[in-house]
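A.B. asks: Just need the structure, nothing else, for what follows:
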Amino acid sequence: MPPAARLSIRFGSSPLIMTAVVIAVAFAPGTPIPLLWLSMAAAIGLTAVALLERLLPYKQQWQESDADWPADVVHAVVNLAVLHAAVLTLVWLRGVVDWPGLYWPSDWPFVAQVFLAGLPLDISLYAMHRLSHRHEFLWRLHSIHHSSHRLYWLNGERRHPLHAAVMAGPGLLVLGLLGAPTLVVGGWFAILAVHLAFQHANLDYRVGPFRHVLGVAQLHRWHHRQRYEDAQVNFGEFWLVWDRLFGTFSDPKEPLGPIGIEGDPVPHAYAQQMVYPFLSPPKQSHQNLPATHRI
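C.D. replies: All right, here's what the predicted structure looks like:
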């Protein structure tokens, strides 16, 4: 690949694609079927990240499919379907429940409302993410996301559906109480889906100083380090502001090292991963949190 093309992908891919997704989201209210428009915008963004990985990988060995790939595909299909179902459920609830909400700035520009909705959701994701590294049952749910030995665009959706609900639930409750419109929430989820693909992408991209405030792959990879104690950093999903505020931000300079979970306790098949959190762990196992991290 010509050096100019490499530089264009490295420094231009994330800002250009994310900006394009945000612009597409901004047009959603004026389209005939807004939720379908948002789904298409997210799908195009995800496809772009997947293709760019093939052109400029961060690690060549992460390009090779492994035993987790079939489960990762199912995770993505199921979780994206659940996400769409959740948005459609919100549409239905707003139609049958007469709840005007405490206050929502509906006169703001649509994109401004979308990013406003992202704040309580992102705080919820950060808080529940940190709890998931402290509470043993939540960790077993969350460990499925951490168990992969490589990072690539599909890892963003490698989550137990129950844990995805636990992570987003408090934020969605707040938005429901405030009266956030369903399309606004759907717009944020479309942006977040593409961001999560970038966050876990096997793509050698850079965002310069913005890495200090955005949860991009350059820093999020450190959250997936194999040694449990080393992975207690950079919990933020979209924003790293919460990591800054609560002392979990890290920008290491040493080599990344292996990722995954020590002992490789999580099964590789999707069905087994769904029941894994509910099985009693052996008394002596890496499946348990270190005693200092239990509550």
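
A.B. asks: residue ranges with poor pLDDT in the stretch 1-150 of the chain?
C.D. replies: 91-95, 97, 99 (pLDDT under 70).

A.B. asks: again, 90 this time
C.D. replies: Residue ranges of the stretch 1-150 of the chain with pLDDT under 90: 1-5, 64-68, 79-103.

A.B. asks: Now do stretch 185-196, average pLDDT.
C.D. replies: Stretch 185-196 shows an average pLDDT of 95 in the prediction.

A.B. asks: So what touches that stretch?
C.D. replies: Under the contact criterion C-beta atoms under 8 Å, 6 or more residues apart in numbering, stretch 185-196 has outside partners 17-18, 21-22, 24-25, 28, 34-35, 38-39, 41-42, 45-46, 49, 80, 83, 87, 90, 110-111, 114-115, 117-118, 121, 156-157, 172, 175, 215, 237-238. For every residue, glycine as well, the C-beta is placed using N, CA and C.

A.B. asks: buried stuff in that stretch?
C.D. replies: 185-196 (16 or more other C-beta atoms under 10 Å).

A.B. asks: and if you look at stretch 133-141?
C.D. replies: For stretch 133-141, by 16+ other C-beta under 10 Å, it's 133, 135, 138-141.

A.B. asks: Only alpha carbons, please: show it as PDB.
C.D. replies: What follows is stretch 133-141, C-alpha atoms only, in PDB (Å, rounded to 0.1, in the frame of the first residue of the first chain):
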ATOM      1  CA  HIS A 133     -15.000  -6.000  37.400                       C
ATOM      2  CA  ARG A 134     -15.700  -6.100  41.100                       C
ATOM      3  CA  HIS A 135     -18.800  -8.400  41.600                       C
ATOM      4  CA  GLU A 136     -18.200 -12.000  40.900                       C
ATOM      5  CA  PHE A 137     -21.500 -12.800  39.100                       C
ATOM      6  CA  LEU A 138     -21.300  -9.700  37.000                       C
ATOM      7  CA  TRP A 139     -17.700 -10.500  36.100                       C
ATOM      8  CA  ARG A 140     -18.800 -13.900  34.900                       C
ATOM      9  CA  LEU A 141     -21.300 -12.300  32.600                       C
END
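
A.B. asks: Can you pull up the most central residue in this protein?
C.D. replies: Residue closest to the average C-alpha location in the chain (C-alpha atoms, centre = their mean): residue 196, at 3.9 Å.

A.B. asks: Distance check, it against residue 30.
C.D. replies: 26 Å (C-beta to C-beta, to the nearest Å).

A.B. asks: ditto for residue 64
C.D. replies: Counting by C-beta to C-beta, the gap from residue 64 to residue 30 is 43 Å.

A.B. asks: Looks like residue 260 contacts residue 226 (just checking).
C.D. replies: Yes: the pair residue 260 / residue 226 is scored as a contact, 4.9 Å apart, by C-beta atoms under 8 Å.

A.B. asks: how about the helices in the stretch 1-150 of the chain?
C.D. replies: 3-27, 34-55, 69-96, 110-132, 136-146 (DSSP state H, counting those that start in this stretch).
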